[in-house]
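In: no sequence on hand, only this structure:
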Ligand SMILES: [Zn+2]
Ligand SMILES: [Zn+2]
């Protein structure tokens with residue numbers, strides 16, 4: 001299994017970091033995790049053909065993680081020859097309403113042909129299997145888009161005997177520890193430097209602590225707000241006690257799980 005980084009940043013424009021988007025590939029099967037603004041544009045640079053993406057999994061419904069979903073739906077409708085595979089969309093409770101909202105907003109251009117699309121909503125502890133991937137949802141501490149929606153999800157993804165997790169956006173919590181427990185690779189958001197504590201995101205310190213608590217094999221940090229450019233992220237993570245393998249995600253890079 002390998003992880004591809006489409007965007008290691010946020011919605012704040014940054015010269016080197018695009019908004020959230022990740023690919024997970026195993027044995028020729030592909031899973032897209034989140035679709036932040038501009039992330040689809042980077043598929044070709046990662047060697048990903050449009051028609052290969054048939055499974056899209058969203059962590060939550062903040063714009064920096066899902067606004068390119070409309071572009072994906074539109075692209076499938078205008079692509080010639082037509083994309084043959086059915087599209088499976090997975091996300092937290094409220095995902096079907098989000099997709100229906102895009103239909104209402106953009107009209108026919110994003111409507112699915114009959115049988116072309118299925119939407120699955122997951123809650124804490126739910127498991128979804130598709131191709132070689134086993135995807136387990138773990139609800140995280142992060143504000144939801146609307147009060148009626150399910151909470152933001154992190155995912156444990158297992159394929160080929162290896163497991164990685166992705167925090168999505170998450171604050172420090174017991175649920176983050178459950179998400180990380182024993183994984184070979186933990187892809188954790190690292191929004192801010194250590195001094196900028198918040199309940200809704202991770203910092204260099206709290207991300208390092210989660211990796212330590214979870215006993216993860218390889219810590220990969222991502223979702224850097226521009227504030228992180230002003231500090232030595234690697235040094236802050238080491239100062240917080242993480243001694244294991246550490247990678248700071250960079251756009252357009254593949255990482256073995
Ligand atoms: Zn968010
Ligand atoms: Zn975010």
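Out: Great, that's in hand. Please read all numbers here as calculations on a predicted model, not as lab measurements. Residues are numbered from 1 along each chain as shown. Ligands and ions are numbered 1, 2, ... in the order given.
In: residue ranges with poor pLDDT in the chain?
Out: Nowhere does the chain drop to pLDDT under 70.
In: tell me which parts of it are close to ligand 1?
Out: Residues of the chain found near ligand 1 (CB under 5 Å from the ion) are 62, 169. (Glycine included, C-beta is placed from N, CA and C.)
In: where do the strands sit along the chain?
Out: In the chain, the segments counted as strands under DSSP state E are 2-7, 21-26, 29-35, 55-57, 87-92, 117-122, 127-130, 133-139, 153-159, 162-166, 185-189, 218-222, 246-248, 253-256.
In: chain center to the first one, what's the gap?
Out: By that I understand strand 2-7. Computed by CA atoms, centre = their mean, to the nearest Å, the chain-centroid distance of strand 2-7 equals 9 Å.
In: tell me what it is packed against?
Out: Contacts defined by 3 or more CB pairs under 8 Å, 6 or more residues apart in numbering; DSSP states H and E place strand 2-7 against strand 21-26, strand 253-256.
In: by contact count, what packs against the first one?
Out: Pointing back at strand 21-26 there. Applying 3+ CB pairs under 8 Å, 6+ apart, we find strand 21-26 packed against strand 2-7, strand 29-35, strand 153-159.
In: direction included, what does that strand pair up with?
Out: For strand 21-26, the paired strands and their directions (DSSP bridges) are strand 2-7 (antiparallel), strand 29-35 (antiparallel).
In: pull out the buried positions in the shortest one.
Out: The neighbour-count check on strand 2-7 (16 or more other CB atoms under 10 Å) flags 3, 4, 5, 6, 7 as buried.
In: which one of these is nearest ligand 1?
Out: residue 7 (13.7 Å; CB to the ion).
In: so what's the residue count around the closest residue to ligand 1 within the stretch 101-250 of the chain?
Out: Across the stretch 101-250 of the chain, the shortest distance to ligand 1 (CB to the ion) belongs to residue 169, at 3.5 Å. Applying other CB atoms under 10 Å, we find 25 residues neighbouring residue 169.
In: can you tell me the closest non-neighbouring residue to it?
Out: residue 142 (4.5 Å; CB to CB, 6 or more residues apart in numbering).
In: residue 152 is in contact with that neighbour, correct?
Out: Yes - between residue 142 and residue 152 there is a contact under CB atoms under 8 Å: 3.9 Å.
In: compare these two and say which is more crowded by neighbours.
Out: residue 152 (26 against 22).
In: nearest spatial neighbour of residue 228, skipping sequence neighbours?
Out: Residue 228 sits nearest to residue 193 (CB to CB, 6+ apart), 6.0 Å away.
In: now do residue 125
Out: Counting by CB to CB, 6+ apart, residue 137 is the residue found nearest to residue 125 once chain neighbours are left out, at 6.9 Å.
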